[in-house]
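Visitor: What follows is a predicted structure for the sequence shown.
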Amino acid sequence: MLKIENLHARVEEKEILKGINLEVKPGEVHAIMGPNGSGKSTLASVIAGREDFEVTEGTVSLNGEDLADLDPEERAHAGVFLSFQYPVEIPGVTVTNFIKAAINESRKARGLEEMPANEMLSKIREKSGLLEIDRKFLSRSLNEGFSGGEKKRNEIFQMAMLEPKLAILDETDSGLDIDALRIVANGVNKLRSKDNAIVVITHYQRLLDYIVPDFVHVLYNGKIVKSGTKELAFELEEKGYDWIKAENQD
Amino acid sequence: MDLNEKLLASFIAFEEKVDVNDEVHEIRTAALKRFEQQGFPTKKLEAWKYTSLQALVNKDFSIFPSSKCALEYQNVRQYFLHETETFKIVFVDGQYSSFLSETTHDGVDVCLFSAAIEKPKYKHVVDQYFNKIADQKDALTNLNTAFANEGAYIFIPKSKAPVKPIEIIHFATGATPQILLQPRSLIVVEENAEVQIIERHQSLNGAVAFTNSVTELYAQKHARVDYYKFQNDTSEASLIDNTFIEQHDSSEVSVHTFSLGGSLIRNNLNFYQKGEHINSILKGVTLGSERQHIDHYTLVHHAEPNCESHQDYKSIYDDRSVGVFNGKIIVDKIAQKTNAFQQNNNLLISDTATVNTKPQLEIFADDVRCSHGCTIGQLDEEALFYLQSRGIPKKEAAALLMYAFANNVLESVKNAALARRVKQMIAEKLGVKIGFDL
């Protein structure tokens, strides 16, 4: 599904990713952990195609297709979804209208007609139910005045609507209380299938109690310095990141 | 001969066509004298600092149409809001087209200015209202007054409302090359009466047109007026729209100006409040592109206590377009408890677009609430990326953000068909089709 080989990326003159290798297969959940500033969010942004970052070396491919020359929207059409750490507030566009635009633009890109209104409506109803989102919420302006929990739930709702092949959840647990965390995690778990893959980026282990990963990677100083199974996450939770830092002094 | 000289010379020819023995003509003659002294405004005048008429004044415009051009409805239907559900006052190259119009005298008068100044039964209205609020210090208004002869005449008597909205459309066909059009309209809405007006200037077949329009609108006690100006003309057409509105006790007048197309647009929108508990609403959406020049010059004069005004102008400028917003609010000493709100937000899409925005508040009362705010910004890159990452292409994402930016104004359009039309025009201008109704 996702294959990252020797990926180097920088912002302005600062190199942030220094040779990342990662392979994610369909049906798998990978967690990427690491201390602040290790490059986790940069990795997520580079996969989604944010222009601020320049890839200087290496490749990112999805199902064999090199993503290098694709714009963010083309990556979305290819099946990439990024749940933002800080979802953007867009006053004047309702959640419903936004999701309609997103779905219909993706359909247009695939040469399909717009989704019929009744089909759209029942899909919205089904997926918002999954995230325990009530109807009033859908007619509010996108993320405007949303609580941290509402923003993240809305991100996963979009994921549910767009049905991506590869979902990257960037710090989806930050700013969530335990109830919201449970709702979001349940939502994500219901979307797991043998055909899609999920990359969970997180600082803490607690989200992984709910979204259980098949593999855990530790990112430090722009490189994956350790990989293992979910037990690695427990070890990090217990010992903190200092031992990782100590093992990887420049 | 420049345009100024040509106009003065043409007045004699104009006098052969109109009744020179009535009071209206005295008003014309006096206005011509004032224009003669003033001449076209130049950038030396504070009010015209950012807008030059030089290129227009140097052109050889025809003052009168040289030949008649008949239009088929089917060829121009796209410019009308509705085939049957509106009254229509239509002008082709400055001349009334009875064929395209649908006027009425059933309880209300929706007809022609030329008829109103000729027929005795309208004399008292013309005497009472014509050229009473048009600014005599303004050269272009005086020029229009000097040649005032044709335009819309709307009279809504006490407690009446026309059964449907009124469309006023001015076409330029190109049958007369480089035509100067000077429509003059008079709208009187009596006590507790109501009207909705949609106005448009449209150049066809690449016709070069310069329109200098004047409208006087009177809203008596408790009158309600909803006025929409569609400015979506071709790049060969320029428009100076001078609108003067006088309001009395508890009346509400709202003017929406959608400035999308045209070469040079200058809107002089003036509200004079002559009573208490008046509400004046001025809203605008502007989309400038290429080398368009769009100038909004608003005035709200609060002359009595307990009144409100709300101004909200959202403008987006791309390419090498230039925008101007000058919003003047005067609050007289007597006008206590005034609530005057003014907002002007601008987005610059390109590095070469310019906007000049200037609030001008002259407040002489001490117990008032006046707020004004202007912003100039760019499209939010983070928001663009967010939309793109959801599969919305950059162009559509930018359009969506622009819609969102203008949404406050779009939401205040009361007529649903009109709101749809405006959104459609904006989408066309932005060259996008967005997969939902906003």
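Guide: Structure received. What you see is a predicted model; the values in this text were computed from it and never measured.
Visitor: and B:Phe40, how many neighbours does it have?
Guide: 17 (other C-beta atoms under 10 Å in any protein chain shown). Placement of C-beta: from N, CA and C, glycine included.
Visitor: For chain A, which residues score under the pLDDT cut-off?
Guide: Scanning chain A for pLDDT under 70 picks out A:250.
Visitor: where do the helices sit along it?
Guide: All helices of chain A, identified by DSSP state H, fall at A:40-48, A:72-78, A:95-109, A:117-130, A:135-138, A:148-162, A:178-191, A:206-210, A:230-239, A:242-247.
Visitor: Spell out which parts of chain B neighbour chain A.
Guide: With C-beta under 8 Å from any C-beta of the partner chain as the criterion, chain B meets chain A at residues B:380, B:382-383, B:385-394, B:396-397, B:400-401, B:403-408, B:434-438.
Visitor: In strands, which of those residues appear?
Guide: Judged by DSSP state E, those include no members of strands.
Visitor: my guess is B:Ser238 meets B:Leu56, correct?
Guide: Yes - using C-beta atoms under 8 Å, B:Ser238 is in contact with B:Leu56, at 5.8 Å.
Visitor: what touches both of those two?
Guide: Shared contacts of B:Ser238 and B:Leu56, defined by C-beta atoms under 8 Å, 6 or more residues apart in numbering or on different chains, comprise B:Phe210, B:Leu264.
Visitor: Who has more neighbours out of the two?
Guide: Of the pair B:Ser238 and B:Leu56, B:Ser238 is the one with more neighbours under other C-beta under 10 Å, namely 23 against 17.
Visitor: so what's the most centrally placed residue in chain A up against?
Guide: Computing the C-alpha centroid of chain A and ranking residues by C-alpha atoms, centre = their mean puts A:Ile168 first, at 2.0 Å. If a contact means C-beta under 8 Å, 6+ apart, then A:Ile168 has A:Ala44, A:Ile47, A:Ala48, A:Val80, A:Phe81, A:Leu82, A:Ser83, A:Ile198, A:Val199, A:Ile201 as its contacts.
Visitor: how about 7 Å then?
Guide: Residues near A:Ile168 by C-beta atoms under 7 Å, 6 or more residues apart in numbering or on different chains: A:Ala44, A:Ile47, A:Ala48, A:Phe81, A:Leu82, A:Ser83, A:Val199, A:Ile201.
Visitor: Reformat these as JSON lines; add distance to chain B and neighbour count.
Guide: Below are the contacts of A:Ile168 laid out as JSON lines (distance: C-beta to the nearest C-beta, whole Å; neighbours: other C-beta atoms under 10 Å in any protein chain shown):
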{"residue": "A:Ala44", "distance to chain B": "10", "neighbour count": "21"}
{"residue": "A:Ile47", "distance to chain B": "10", "neighbour count": "21"}
{"residue": "A:Ala48", "distance to chain B": "5", "neighbour count": "23"}
{"residue": "A:Phe81", "distance to chain B": "8", "neighbour count": "24"}
{"residue": "A:Leu82", "distance to chain B": "5", "neighbour count": "29"}
{"residue": "A:Ser83", "distance to chain B": "10", "neighbour count": "26"}
{"residue": "A:Val199", "distance to chain B": "15", "neighbour count": "25"}
{"residue": "A:Ile201", "distance to chain B": "15", "neighbour count": "25"}
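Visitor: Can you say which two of those residues are spatially most distant?
Guide: The largest separation in these, counting by C-beta to C-beta, is between A:Phe81 and A:Ile201 at 13.1 Å.
Visitor: Tell me how many other residues surround the residue in chain A that chain B sits nearest to.
Guide: Closest residue of chain A to chain B, C-beta to the nearest C-beta: A:Asn104 (2.8 Å). Neighbours of A:Asn104 under the rule other C-beta under 10 Å: 22.
Visitor: Next: A:Leu162.
Guide: A:Leu162 has 19 nearby residues by other C-beta under 10 Å.
Visitor: what does B:Lys164 give?
Guide: B:Lys164 has 16 neighbours, counted by other C-beta under 10 Å.
Visitor: Do I have it right that it meets B:Glu85?
Guide: Yes - counting by C-beta atoms under 7 Å, B:Lys164 does reach B:Glu85; the two are 5.5 Å apart.
Visitor: intersection of neighbour lists for these two?
Guide: Contacts common to B:Lys164 and B:Glu85, judged by C-beta under 7 Å, 6+ apart, are absent.
Visitor: buried ones in the lowest-mean-pLDDT helix or strand in chain B?
Guide: Lowest mean confidence among the helices and strands of chain B (mean pLDDT, DSSP states H and E): helix B:416-430, at a mean of 87. Buried residues in helix B:416-430, counted by 16 or more other C-beta atoms under 10 Å in any protein chain shown: B:Leu418, B:Ala419, B:Arg421, B:Val422, B:Lys423, B:Met425, B:Ile426, B:Ala427, B:Lys429, B:Leu430.
Visitor: That helix packs against which elements?
Guide: In terms of contacts (3 or more C-beta pairs under 7 Å, 6 or more residues apart in numbering or on different chains; DSSP states H and E), helix B:416-430 is packed against strand B:252-261, helix B:394-411.
Visitor: Spell out the secondary structure type for B:Asn21.
Guide: coil (DSSP: H, G, I helix; E, B strand; the rest coil).
Visitor: Quick check: phi and psi at it.
Guide: phi -100, psi 0 (degrees, to the nearest 10).
Visitor: what number of residues lie near it?
Guide: 8.
Visitor: what's the nearest residue to residue 36 if we skip its chain neighbours?
Guide: This is for chain A. A:His203 (7.1 Å; C-beta to C-beta, 6 or more residues apart in numbering or on different chains).
Visitor: The chain in question should be chain B.
Guide: Distances taken as C-beta to C-beta, 6+ apart put B:Leu8 closest to B:Glu36, at 6.2 Å, once the chain neighbours are dropped.
Visitor: wait, isn't that neighbour in contact with B:Lys33?
Guide: No - counting by C-beta under 7 Å, B:Leu8 stays clear of B:Lys33, with 10.2 Å between them.
Visitor: out of the helices and strands packed on helix B:416-430, deepest packed?
Guide: Neighbour counts (mean count of other C-beta atoms under 10 Å in any protein chain shown) averaged over each of the helices and strands packed on helix B:416-430 peak at strand B:252-261, with a mean of 23.
Visitor: In the sheet, which strands lie alongside that one, parallel or antiparallel?
Guide: In its sheet, strand B:252-261 lies beside strand B:224-232 (parallel), strand B:279-288 (parallel), with partners assigned from DSSP bridges.
Visitor: How about residues contacting that strand?
Guide: B:219, B:224-234, B:245, B:247, B:265, B:267, B:269, B:279-287, B:294, B:413, B:422, B:425-426, B:429.
Visitor: Alpha carbons of the least confident helix or strand of chain B, as CSV, please.
Guide: Output in CSV follows, covering the C-alpha atoms of helix B:416-430 (Å, rounded to 0.1, in the frame of the first residue of the first chain):
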residue,chain,number,x,y,z
ALA,B,416,-34.0,32.9,-3.4
ALA,B,417,-33.9,33.0,-7.3
LEU,B,418,-31.8,36.1,-7.0
ALA,B,419,-29.4,34.5,-4.5
ARG,B,420,-29.0,31.5,-6.9
ARG,B,421,-28.3,33.9,-9.8
VAL,B,422,-25.7,35.8,-7.9
LYS,B,423,-23.9,32.6,-6.8
GLN,B,424,-24.0,31.4,-10.4
MET,B,425,-22.5,34.6,-11.7
ILE,B,426,-19.8,34.5,-9.1
ALA,B,427,-19.0,30.8,-10.0
GLU,B,428,-18.9,31.8,-13.7
LYS,B,429,-16.6,34.6,-13.0
LEU,B,430,-14.3,32.4,-11.0
